[in-house]
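Visitor: just a sequence and a predicted model for now, questions to come.
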Amino acid sequence: MMPNDELSTLLQQLADPDPSARRIAAETLSDGDERAIYPLIRTLRDENPGVQDAAMRSLTAIGGEVTAYMALPLLRESPFLRNTARIILKQIGQPSVPLLRPLLTDKDDDVRTFAVDLITDIGTCDYPAEIARLLEADPNQNVRASAARAIGALGYQEGAAALVGSLKDNEWVCFSALEAIAVLRDEAFVEPVHTLLGSPSETLRYAAIETLGKLGSSRSSAALLGRLGAATDIEKTAIIRSLVQIGITPSMAEVSDQLIEMYANGDWEERMIALTGLSDLKDERAVRTILEVAGELEPSDPESEERLHAVQEALLKFGCDPALLGVISDPTMKFRSKVIAIEIIGELQCTEAVPHLIAIMDGDLREVRRASVLALAVIRGDQALAELRKRIEDRDGHVRNASISALGQIGDKSSYPLILDHIARENYQDVLEATIKALLLIDAQSLFKQRTALSPAVREIMARYAGSPDMLLALSRDPEQAVRLAALSGLSRFTDDATRARLKEALKDPNQEARKLAIMALGSMNSCFEEITQALRDTDLWVRLHAVRAIGESGRPEAAKTIIPLLYDKEVPVVLAAIDALVQLGSSESVSLGALQNHPDPAVQERVAQVMERL
């Protein structure tokens, strides 16, 4: 509870001539209690909007039944105060609901409407039957419309009869009743809503169609289908959309036309619905339109991924449709549309598309050509593979990369000599790496046997991607240092005796990078503890650092004593690694850290302070 003197000061400040002082006082009173409610209610009438807003937020923060009770009279005030009261009562929530009950019989139409709307906003009420009676008998249409919406929001199924009766009310009330019926989704509503399809009001017929779609039953779909023949154009679109949402797409040319139009000119919400219907009908006339619109999707738009996925899923249901071939051969189509079509062709493995894919490989659109390569790789067959081999020497690096990688994944032995011969002519590093990886996938042993004829740069790539420990062991003794280092790094993936022996040998290598790689590999194996301990005395900073880390990760508390001397290493990174390793091991030797509290380096002092605080 706020002290009396503080509360008194704040209440006095609510009358301060300075608006800033009044606003700060109103904000601070959010921590107050019931004593602050009435003064804050009065402050809602302040001439300054900032003060008014602060008072409203503080009343909401205090909340409770007393605040709600004192805000109720504001519903009869000016529009600003009425709206402010509605915000406060809504935010207070459940404690407001019992206080709203007497207002349902108030003489003021607006007050009754406000009360029902607030119950709808709050979403809970223990007297829904009284709201249903308002729908049946209140003389004011706004009250009845609000009551209909409230029945839906509260999920009051017992109010069904009142909702059905209100379908004969004026349009405003009827629309609200349809909104509630769509929420309750009871099949018993189908027949009463169906009768509205004969209404002279097109707006009401349209709302009834949408409601039948949301009810989503076989009876509602039958009602919609029955109306389709006599519907206006706008109604037909609504009926088809509702039927598709239910899961029924009538196989009629007119329906297909409407869906194509909806997809071509609607927003993306409508397009998603249209895609579902078009994929059910499989009308090949839709393929081009679907791809034209999809080609306009902006890749940087976060929503494009979901939309593109929906397009792809729909097109897959069409199968190997000739319209797809027409799109990829059409020079007027956007390149993104063509790429999507080619990806679908590849996923469907449309063998009849191979000649068309080969034909567009002579074009200038890189992404289209690259997509064609990937599709040919999936479809395969002699003709497709022959084209992939041809593209090993393609003018575009991206296409070469895709072709060579695909041949490697396929394991096409016929392409091995062509890819091997290509090595000497490849200028791009990423394509060269793809070339070596492909050769390793097709025939690693043959490539290994030919290694002496290859450049050191190529042997280094081999060492990075080789999957055989025997190959890596051999390459780890290559005359070129870069090749040896790449092979030593790769040996960390294996744990056999020969690998461990080679790594132990590398700990004595004159090259410090080789020693570092050996330590890292042995540490990842949690092996050769004695050799790792000896490396703590290495002359190279990074070898010592990784040796400390390896011991810290070994899970051997007894190893802590071997690390303590490194707390006094001349290199700060090693000292920090030693501190972390001691903490990792959970050793009682960590008390030795106290001696580093006056270390000359601030980073060491800070790390020690953090550790000592935890200990």
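Guide: Looks like it came in fine.
Visitor: pretty sure residue 44 contacts residue 87?
Guide: No - using Cβ atoms under 8 Å, residue 44 is not in contact with residue 87; the gap is 10.7 Å. Bear in mind the C-beta positions are built from the backbone N, C-alpha and C, glycine included.
Visitor: residues contacting the closest residue to residue 224 other than its chain neighbours?
Guide: Nearest non-adjacent residue to residue 224, counting by Cβ to Cβ, 6 or more residues apart in numbering: residue 239, 5.0 Å away. Counting by Cβ atoms under 8 Å, 6 or more residues apart in numbering, residue 239 touches 209, 224, 225, 227, 228, 231.
Visitor: over to residue 353?
Guide: Per Cβ under 8 Å, 6+ apart, neighbours of residue 353: 320, 324, 325, 328, 345, 375, 379.
Visitor: and the gap between it and residue 119?
Guide: As judged by Cβ to Cβ, to the nearest Å, residue 353 and residue 119 stand 61 Å apart.
Visitor: what comes up buried for stretch 327-334?
Guide: Using 16 or more other Cβ atoms under 10 Å as the test for burial, stretch 327-334 gives 327, 328, 333, 334.
Visitor: oh sorry, the question was meant for stretch 2-21
Guide: Buried, per 16+ other Cβ under 10 Å, within stretch 2-21: 7, 10, 11, 13, 14.
Visitor: repeat for stretch 367-382
Guide: Buried, per 16+ other Cβ under 10 Å, within stretch 367-382: 368-380.
Visitor: and what of stretch 483-500?
Guide: Residues of stretch 483-500 classed as buried by neighbour count (16+ other Cβ under 10 Å): 483-492, 494, 499-500.
Visitor: next: stretch 444-460.
Guide: For stretch 444-460, by 16+ other Cβ under 10 Å, it's 444, 447, 448, 451, 454, 458, 459, 460.
Visitor: residue 206: how many residues sit nearby?
Guide: Under the neighbour criterion other Cβ atoms under 10 Å, residue 206 is assigned a count of 20.
Visitor: contact partners for it?
Guide: Counting by Cβ under 8 Å, 6+ apart, residue 206 has contacts 234, 235, 238.
Visitor: not counting its own residues, what contacts stretch 482-496?
Guide: 456, 459-460, 462-464, 466, 469, 472-478, 499, 502-503, 506, 511, 513-514, 517-518, 520-521, 524-525, 527.
Visitor: can you flag which of these belong to strands?
Guide: Using DSSP state E, no member of the contacts of stretch 482-496 falls in strands.
Visitor: whichever of those end up buried, select them in PyMOL.
Guide: In PyMOL, a selection of the buried entries from these looks like this (16+ other Cβ under 10 Å):
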select buried, resi 459+460+462+463+464+466+469+472+473+475+476+478+499+502+503+506+513+514+517+518+520+521+527
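Visitor: where along the stretch 451-600 of the chain do the helices fall?
Guide: Under the criterion DSSP state H, counting those that start in this stretch, helices of the stretch 451-600 of the chain are mapped to 456-465, 469-475, 481-490, 497-506, 512-525, 529-534, 541-552, 560-563, 572-585.
Visitor: likewise the stretch 1-150 of the chain?
Guide: For the stretch 1-150 of the chain, the helices defined by DSSP H, counting those that start in this stretch cover 4-13, 19-28, 37-43, 49-62, 64-71, 79-92, 97-100, 109-122, 128-137, 141-154.
Visitor: got a markdown table for those helices, with distance to residue 248 and mean pLDDT too?
Guide: Listed next are the helices of the stretch 1-150 of the chain as a markdown table, based on distance: least, Cβ to Cβ, whole Å; pLDDT from 0 to 100:
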| stretch | distance to residue 248 | mean pLDDT |
| --- | --- | --- |
| helix 4-13 | 65 | 88 |
| helix 19-28 | 57 | 93 |
| helix 37-43 | 56 | 94 |
| helix 49-62 | 48 | 95 |
| helix 64-71 | 48 | 95 |
| helix 79-92 | 40 | 95 |
| helix 97-100 | 41 | 96 |
| helix 109-122 | 33 | 96 |
| helix 128-137 | 32 | 95 |
| helix 141-154 | 25 | 96 |
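Visitor: so for residue 321, what's the nearest residue that isn't a sequence neighbour?
Guide: Nearest one to residue 321, counting by Cβ to Cβ, 6+ apart, is residue 284 at 5.1 Å.
Visitor: for this protein, give me the ranges with low pLDDT.
Guide: 1, 253, 587-592, 615 (pLDDT under 70).
Visitor: and the longest helix anywhere in the chain, what does it pack onto?
Guide: For the chain, the helix with the greatest residue count under DSSP state H is helix 429-449. Applying 3 or more Cβ pairs under 8 Å, 6 or more residues apart in numbering; DSSP states H and E, we find helix 429-449 packed against helix 397-410, helix 416-422, helix 456-465, helix 469-475.
Visitor: got a list of contacts for stretch 283-302?
Guide: 256, 259-260, 263-264, 271, 275, 278, 304, 307-308, 311, 314-315, 318, 321-324, 326-327, 333-338, 340-341.
Visitor: now whichever strand or helix holds residue 240: how far from the chain's centre is it?
Guide: If you go by DSSP states H and E, residue 240 is part of helix 233-246. Centroid separation for helix 233-246 versus its chain: 31 Å, with Cα atoms, centre = their mean, to the nearest Å.
Visitor: ok, now stretch 437-454?
Guide: Using Cα atoms, centre = their mean, the mean C-alpha position of stretch 437-454 is found 42 Å from that of the whole chain.
Visitor: got it, and stretch 185-193?
Guide: Centre-to-centre, stretch 185-193 and its host chain are 37 Å apart (Cα atoms, centre = their mean).
Visitor: same deal with stretch 14-32?
Guide: Taking the mean of its C-alpha atoms, stretch 14-32 sits 43 Å from the chain's own mean (Cα atoms, centre = their mean).
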